[in-house]
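J.: Below: sequence and its predicted model.
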Amino acid sequence: MSIKPSRIREMSPEARRKLLIELKTELMRLKALQESRGVLDNPSRIRILRKNIARVLTIEREEELKKSKKNVKGKK
(Lines give C-alpha, C1' and ligand atoms only; values in the text may rest on other atoms or scores of the structure.)
Protein backbone atom coordinates (compact mmCIF):
# COMPACT_ATOMS: atom_id res chain seq x y z
CA MET A 1 0.00 0.00 0.00
CA SER A 2 1.45 3.27 -1.11
CA ILE A 3 1.23 6.30 1.16
CA LYS A 4 0.02 9.50 -0.46
CA PRO A 5 2.28 12.55 -0.10
CA SER A 6 -0.64 14.67 1.12
CA ARG A 7 -1.14 12.27 4.04
CA ILE A 8 2.57 12.46 4.91
CA ARG A 9 2.51 16.28 4.81
CA GLU A 10 -0.40 16.33 7.27
CA MET A 11 1.64 14.36 9.83
CA SER A 12 3.65 16.01 12.56
CA PRO A 13 7.45 15.72 12.28
CA GLU A 14 7.48 13.20 15.14
CA ALA A 15 4.85 11.03 13.43
CA ARG A 16 6.85 11.16 10.19
CA ARG A 17 10.01 10.02 11.96
CA LYS A 18 8.09 7.20 13.63
CA LEU A 19 6.62 6.15 10.26
CA LEU A 20 10.09 6.24 8.70
CA ILE A 21 11.48 3.96 11.41
CA GLU A 22 8.58 1.54 10.95
CA LEU A 23 9.05 1.46 7.17
CA LYS A 24 12.80 0.90 7.43
CA THR A 25 12.30 -1.86 10.00
CA GLU A 26 9.79 -3.64 7.79
CA LEU A 27 12.10 -3.30 4.79
CA MET A 28 15.01 -4.84 6.71
CA ARG A 29 12.77 -7.66 7.91
CA LEU A 30 11.57 -8.41 4.38
CA LYS A 31 15.10 -8.33 2.98
CA ALA A 32 16.27 -10.75 5.67
CA LEU A 33 13.32 -13.01 4.97
CA GLN A 34 14.06 -12.93 1.26
CA GLU A 35 17.70 -13.74 1.93
CA SER A 36 16.81 -16.74 4.08
CA ARG A 37 14.00 -18.12 1.92
CA GLY A 38 15.06 -16.94 -1.49
CA VAL A 39 11.56 -15.94 -2.63
CA LEU A 40 8.91 -13.76 -1.00
CA ASP A 41 5.14 -14.14 -1.24
CA ASN A 42 4.88 -10.53 -2.42
CA PRO A 43 8.23 -9.32 -3.82
CA SER A 44 6.74 -6.01 -4.97
CA ARG A 45 6.30 -5.07 -1.28
CA ILE A 46 10.03 -4.22 -1.10
CA ARG A 47 9.66 -1.73 -3.97
CA ILE A 48 6.61 -0.15 -2.35
CA LEU A 49 8.43 0.22 0.97
CA ARG A 50 11.44 1.82 -0.70
CA LYS A 51 9.21 4.33 -2.50
CA ASN A 52 7.35 5.17 0.71
CA ILE A 53 10.66 5.73 2.51
CA ALA A 54 11.76 8.03 -0.30
CA ARG A 55 8.48 9.97 -0.08
CA VAL A 56 8.88 10.54 3.65
CA LEU A 57 12.51 11.60 3.28
CA THR A 58 11.65 13.96 0.41
CA ILE A 59 8.89 15.65 2.37
CA GLU A 60 11.15 15.99 5.43
CA ARG A 61 13.77 17.64 3.21
CA GLU A 62 11.15 20.01 1.75
CA GLU A 63 10.13 21.05 5.27
CA GLU A 64 13.76 21.56 6.22
CA LEU A 65 14.33 23.80 3.18
CA LYS A 66 11.19 25.83 3.93
CA LYS A 67 12.47 26.49 7.46
CA SER A 68 15.91 27.53 6.24
CA LYS A 69 14.40 29.91 3.65
CA LYS A 70 12.27 31.53 6.35
CA ASN A 71 15.35 31.98 8.54
CA VAL A 72 17.34 33.57 5.71
CA LYS A 73 14.49 35.98 4.82
CA GLY A 74 14.03 36.89 8.47
CA LYS A 75 17.71 37.83 8.91
CA LYS A 76 17.82 40.33 6.00
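T.: Structure received.
J.: Need the single longest helix in the protein, by residues.
T.: Ordering each helix of the chain by length in residues (DSSP state H) puts helix 44-75 first.
J.: centre of the chain versus that one, how much separation?
T.: With CA atoms, centre = their mean, to the nearest Å as the basis, helix 44-75 stands 9 Å off its chain's centre.
J.: list the buried ones in it?
T.: Using 16 or more other CB atoms under 10 Å as the test for burial, helix 44-75 gives Leu49, Asn52, Ile53, Arg55, Val56, Ile59. To be clear about C-beta, it is placed using only N, CA and C from the backbone, and glycine gets the same treatment.
J.: And the third one, how close does it get to Glu62?
T.: This means Ile53. Distance, Ile53 to Glu62, by CB to CB, to the nearest Å: 15 Å.
J.: Lowest-scoring secondary structure element of the chain by mean pLDDT?
T.: helix 44-75 (a mean of 91; mean pLDDT, DSSP states H and E).
J.: same for that one, what does it pack against?
T.: Using 3 or more CB pairs under 8 Å, 6 or more residues apart in numbering; DSSP states H and E, the elements in contact with helix 44-75 are helix 5-10, helix 13-37.
J.: Export those as CSV, with columns for mean neighbour count, mean pLDDT and distance to Lys69.
T.: Below are the helices and strands packed on helix 44-75 laid out as CSV (neighbours: other CB atoms under 10 Å; pLDDT from 0 to 100; distance: least, CB to CB, whole Å):
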stretch, mean neighbour count, mean pLDDT, distance to Lys69
helix 5-10, 12, 96, 17
helix 13-37, 13, 95, 17
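J.: Good, wrapping up.
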